[in-house]
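**Q** Here is my input, please return the structure:
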Amino acid sequence: MQTTDVGSKEDGKVWHRKPNPSVSNGIIVTVVRSNPHQNKTVRFLQVAFDTTGESFVAGDQHGNIYVFDISRNRFRLVQKTGQACTALSFSLRRTTEFLVALADYSIKCFDKDTKQLVSWMRGHEGAVSSISCHSSGRYAISTSSDTAQLWDLDTFQRKRKLNIRQSVGIQRVFFLPLSNTILSCFNDDSIFAWESDTLLCKYQLSGPEDGTRIHYKAFAVTREGKTLAAGGRSNLLHLWCLDSRQLMRVVQMPPLVRTVRHLEFLPDSFDGGSSQVLGVLSQDGIMRFINIQTFKQLFEIGSIDNALTAVTICPKGRHIVAVTESGALNIYSVQGLTQEVNKPPQPLVKVVSQDSTVDASGMLVKVRSGTVQRPKTSGRRVPAKVLRPPAVITGDEKENDLPGGLNKKKLLALLKAFGEYPAKYRMFVWRSLLQLPENHAAFNSLVQKGVHPACLTLQERYPIKSQKLQRGLQRLLSALAHWSAIFGETDYLPLVAFPFVKLFQNNPLICFEVVATVIVNWCQHWFEYFPNPPLNVLSMVENVLAHHDKELLQHLVDCHITSQLYAWPLLQTLFSEVLTRDEWLRLFDNVFSNHTAFLLVAVVAYVTCCRVQLLTLAFREDFEYFFHHRNNFDIGAMIKETYRLMSTTPEDIHPRSTLSAFEPLLRGQYPVFNKYPTFIVQYQSQERERIRQQEGQYLRERQDLQQLRAETVRQQAEDEAWYTQQELLQQAEQQRRNILQQEEAKLAEQRVKLAAMKRELKLKELTLVEATRRRFLHHQQDQRTVQLQRLDDEIQRKMALRDQETAAAVQDIEVRQMELDAKRRLFEQQLAKEQERVNQEVEAELGVRRHRAELEETAFRDVLQTDVDLTHDTKRVLEESLAEAGQLGTDHEWQVEVLKRMEQSDADQQRRQHLLSQMAQETRGKEEELEELMMAAEGRKWEKEEEEEKKKEQAAAPVESWRGDHQGPPTEQRYQRPPESQGETYSRLRERNLTSCLLRERNLTSCLQRERNLTSPCPTRDPGCRPSSAPTQPNVKPVCLNNQTPSESSTTFSLDRGRAELDSKERELMKEVRDLRQKLARAKAGHSSTYSSSTVSQ
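**A** Numbers count the residues shown, from 1 in each chain. From the prediction side, this is the model:
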């Protein structure tokens, strides 16, 4: 047999060499999983085959899910859930998906190929014990102890939930194959069939007619869904035909089967789905496969040493996977298990068939066969052996042979060598020594009778902390009382049975048969003097003690201590009060292995071993305490002393001569026990029954009296309660009135407070509204301030721009003035040079002309004298006309140029005003008040400036009159313009003042230039000559200085004086220009201060 350790590997081979199932009892391979870090084996818990039958999944206690592929000889780890799985199932629609129920009560769906989590389903409040999938693969049912839930595997949503009463638990709910029927079984053995679509109840399966319950635990259905098998806490199996909905057969398994844990039908490829082989897993861990038609046991898997806990069978019936008690996986080959089935049965195998054991209904069939013995052969050729006739078995050897292959002599030798049996095999040895028949049916019949009336008050008499032990002791004593009436009347029987109940608490049948065997064999003659102690048995103990220790017996007699005090407490408790568990087990190893007199001799040995302590005692109370409590002594020495007394006691007083040898219980039925005074027991039972009836009558009368008293008390209580209630009602009414008044007062106060709160809230609301309004006004004011600041910035920017333009214009004027000064100086230099040249020429020519004039003066004196007046007037008129014509031409040129510049300035100003008007339209409304204030201030300033201008004009009247003579129209008409309307801004006034200043400067410059031109001399070459710097004027004849006569020298001198005066006037005009510039700067500063003050006032 091969063993594969999965360990921490995630994939690998299932087996490493070709398996041979025929050699290893059908086992292909055993799979285990060890933990290398803790040196422990991780137990597998659940297994489930897929629809193909070639692979299965297995989950261990750590939550690891493995997939084993038998056809490919591979395994792999597909998931690590971290929690122990409680159920596994494959989805029938999507073959790669499987469902896992975990310890946290949830269900997860995984894909074995992709190893991914498909869905996570929650809803159970207890551990899920089973998962059943519909044949279509669309639905699944999960079952726990409290509920069953129907899931839709397409959406993984819960569709329905089965709720039941808490007192009725669920055993299992599953789908029937090839149908839409759901079967549900409950703890009360009721089985119902439901329609899966509508969840309507279709039918209910009826149980046996005798009404016996076997407490169903396991169910199995054939593949065609027509046969249902059910088993439970009994060796009986129920087979139903689901078509007729009737119970077909009741099958009784062999006596070794006491409880059915699991059922599985073994599929066959040629049976058409109506499986004939049923596997039954019992409490001993062995799964027996029987044919439900012939009722033959075909084969079995598992053993007592390697018990099975869970089994699943391949859908095609090829392999079986079983989980052992140690946590390993055994993979069986069905072909290897069934290869011996078709062979002729061996003589030791008994065929299951219907015989005389059929009950009245004709359905009960017993299975009494053993297992099929397979020859253990190997591939090698076994040499032939000579068969020898069996040895003759003597009577003694036959007597020493025990069930299970044990020999009593060998057991005694082992017991004498080690003093006790191995703890691991003690129960098995005891069962063999006592030869227990294991009569399940007889024991079940005793148990089913219920609790005996004598055991109803057992808990009051013998309270036990453990409820399990209490129930086990009550069940055992009830069965003994139903077996024999004496045991219902025996007071000390619980003391005898309790050690065995504690030892066999998990197996009530063995416990009952052990106690019954002890009573039949080791309690012989105990009940002959009932209800008194067994005086005959106690006398035998006293005779043995008198023979071996007379001194101790004399001491006991002197202290008035009888055998009822030192021997009977030990017997009725079977030494359980004075020995520990291990000492008691060692003692009864020897008791069960020897004659029935060994127990009585052990009592004498216990007394003699404690003789030192007993000789020191003198009071009865001390002896009672000594024989009811543990003492310090050697159990080994006591057992040796018992064997010595058994061998040295004379036969005439030896208990062995009175007590009979060991006799085991009968198989099938327990023997009748009537070794007691029946009339006493009957009398006691009758008396007990009479007392019980009287007690019942008394209890009934007492109950009636108590009811009458209770009724009276209740009536009185009702009356008192009514009066009390009335008083309470009045008090309550008064309290309610007081409370109402208080509430009204509180309500009035609250109303006052509410009114005050309303006022406060109103005030707060008004305050908030006012604050909001102020905040809004502040916000508007901030916005207005921002807007004004923005306008102020814009005005400042424009004023700065205009100041820059004004400064640039002033600088331009200054540059022009400098240019004019430079030209003037250059022209003066040229004039000086020309004057010097002309003077030289004039002086030269004057000399000539003087000489000629002197010559002609005399000739024409008379003529000239007559014409001198006329000539002088004509010359003056001509000079004045020439000067006026030159001045008019110069003024005309300057006027044309000024007009051009003014037109250009007006055009630029109109363009700028057009641009500014577009920007000022948005702020015009807000600037009106500011403009009115500014215009009022500017009007006053303008009036002052006009007055100052008038004064300056009056001061400059002579110059202006002179200029009027030379320039035509008055200067005031050229540069001064009437004031505009009051709505004109200060910027326009500044521009106009600047323009007038420029015109004034230019007029002054032109006047100076004209004056210089008039005063400049001209050469006298011919009558048509003229100065090069004088402008040419049409229809004006130039005047040459050569035409001057000596008489005209005075005129020349007067021109020089006029030039000096003009220079002084020029200086005054330049000073006036500077004064006008300073006044313009002051006006600019005053405008900025006035604008800022008006802004702040707004």
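**Q** Phe219 falls within a helix, correct?
**A** No. Under DSSP: H, G, I helix; E, B strand; the rest coil, Phe219 sits outside any helix and is assigned strand.
**Q** which non-adjacent residue is nearest it?
**A** Counting by C-beta to C-beta, 6 or more residues apart in numbering, Ala230 is the residue found nearest to Phe219 once chain neighbours are left out, at 5.2 Å. Every C-beta, even on glycine, is put in place using the N, C-alpha and C of the backbone.
**Q** So the one you found sits against Leu242, correct?
**A** No. Applying C-beta atoms under 8 Å, one finds Ala230 not in contact with Leu242, separated by 11.8 Å.
**Q** Looking at Pro531 now. What's its pLDDT?
**A** You'll see Pro531 listed with a pLDDT of 77.
**Q** wait, doesn't it sit right on Glu687?
**A** No. Using C-beta under 8 Å, Pro531 is not in contact with Glu687; the gap is 11.4 Å.
**Q** more crowded one of these two?
**A** Pro531 (14 against 10; other C-beta atoms under 10 Å).
**Q** how about that one, secondary structure?
**A** Here Pro531 is coil, with the state taken from three-state DSSP.
**Q** measure it to Val128 for me?
**A** Distance of Pro531 to Val128, given as C-beta to C-beta, to the nearest Å: 56 Å.
**Q** what's the answer for Leu266, then?
**A** For Leu266, the distance to Val128 - C-beta to C-beta - is 26 Å.
**Q** of the two, who's got more company?
**A** Neighbour totals were compared for Leu266 and Val128, and Val128 leads with 25 against 21 (other C-beta under 10 Å).
**Q** For the more buried one, give me phi and psi.
**A** Here is the backbone geometry of Val128 (degrees, to the nearest 10): phi -80, psi 120.
**Q** tell me the contacts of the residue nearest to it when sequence neighbours are not counted?
**A** Computed as C-beta to C-beta, 6+ apart, the closest residue to Val128 that is not its neighbour in sequence is Ala101, at 3.6 Å. When contacts are counted by C-beta atoms under 8 Å, 6 or more residues apart in numbering, Ala101 touches Cys85, Thr86, Ala87, Leu88, Ile107, Ala127, Val128, Ile131, Ser142.
**Q** Rebuild those residues as JSON lines, extending it with secondary structure, distance to Ile486 and pLDDT.
**A** Putting the contacts of Ala101 into JSON lines (DSSP: H, G, I helix; E, B strand; the rest coil; distance: C-beta to C-beta, whole Å; pLDDT from 0 to 100) gives the following:
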{"residue": "Cys85", "secondary structure": "strand", "distance to Ile486": "53", "pLDDT": "89"}
{"residue": "Thr86", "secondary structure": "strand", "distance to Ile486": "49", "pLDDT": "90"}
{"residue": "Ala87", "secondary structure": "strand", "distance to Ile486": "50", "pLDDT": "91"}
{"residue": "Leu88", "secondary structure": "strand", "distance to Ile486": "54", "pLDDT": "90"}
{"residue": "Ile107", "secondary structure": "strand", "distance to Ile486": "57", "pLDDT": "91"}
{"residue": "Ala127", "secondary structure": "coil", "distance to Ile486": "46", "pLDDT": "88"}
{"residue": "Val128", "secondary structure": "strand", "distance to Ile486": "50", "pLDDT": "90"}
{"residue": "Ile131", "secondary structure": "strand", "distance to Ile486": "53", "pLDDT": "91"}
{"residue": "Ser142", "secondary structure": "strand", "distance to Ile486": "53", "pLDDT": "91"}
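**Q** Could you export these as JSON lines, including distance to Leu199?
**A** Output for the contacts of Ala101, formatted as JSON lines (distance: C-beta to C-beta, whole Å):
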{"residue": "Cys85", "distance to Leu199": "28"}
{"residue": "Thr86", "distance to Leu199": "25"}
{"residue": "Ala87", "distance to Leu199": "22"}
{"residue": "Leu88", "distance to Leu199": "26"}
{"residue": "Ile107", "distance to Leu199": "20"}
{"residue": "Ala127", "distance to Leu199": "24"}
{"residue": "Val128", "distance to Leu199": "20"}
{"residue": "Ile131", "distance to Leu199": "19"}
{"residue": "Ser142", "distance to Leu199": "16"}
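**Q** For these, which two are the farthest from each other?
**A** Pairwise distances across the contacts of Ala101 peak at 13.6 Å for Leu88 and Ala127 (criterion: C-beta to C-beta).
**Q** higher neighbour count, the two?
**A** Using other C-beta under 10 Å as the criterion, Leu88 and Ala127 rank with Leu88 on top: 22 against 16.
**Q** which residues touch that one?
**A** Residues near Leu88 by C-beta under 8 Å, 6+ apart: Gln46, Val47, Ala48, Val57, Ala58, Gly59, Phe98, Leu99, Val100, Ala101, Ile131.
**Q** try 10 Å this time
**A** 45-49, 56-59, 65, 98-101, 130-131, 312 (C-beta atoms under 10 Å, 6 or more residues apart in numbering).
**Q** gap between it and Thr81?
**A** On the measure of C-beta to C-beta, Leu88 and Thr81 end up 11 Å apart.
**Q** hey, what's in contact with both of these two?
**A** Jointly contacting Leu88 and Thr81 under the rule C-beta under 10 Å, 6+ apart are Gly59, Ile65, Val100.
**Q** His547: which of those residues is nearest?
**A** Nearest to His547 among these: Gly59, at 68.7 Å, using C-beta to C-beta.
**Q** Quick check: bridge partners of the closest one?
**A** Under the criterion DSSP bridges, Gly59 forms beta bridges with Gln46, Ile65.
**Q** What distance do you get for it to Leu99?
**A** Gly59 is 11 Å from Leu99, by C-beta to C-beta.
**Q** Am I right that Thr212 is in a strand?
**A** No. Checked against three-state DSSP, Thr212 lies outside a strand; its state is coil.
**Q** I'm done for today, thanks for sticking with me.
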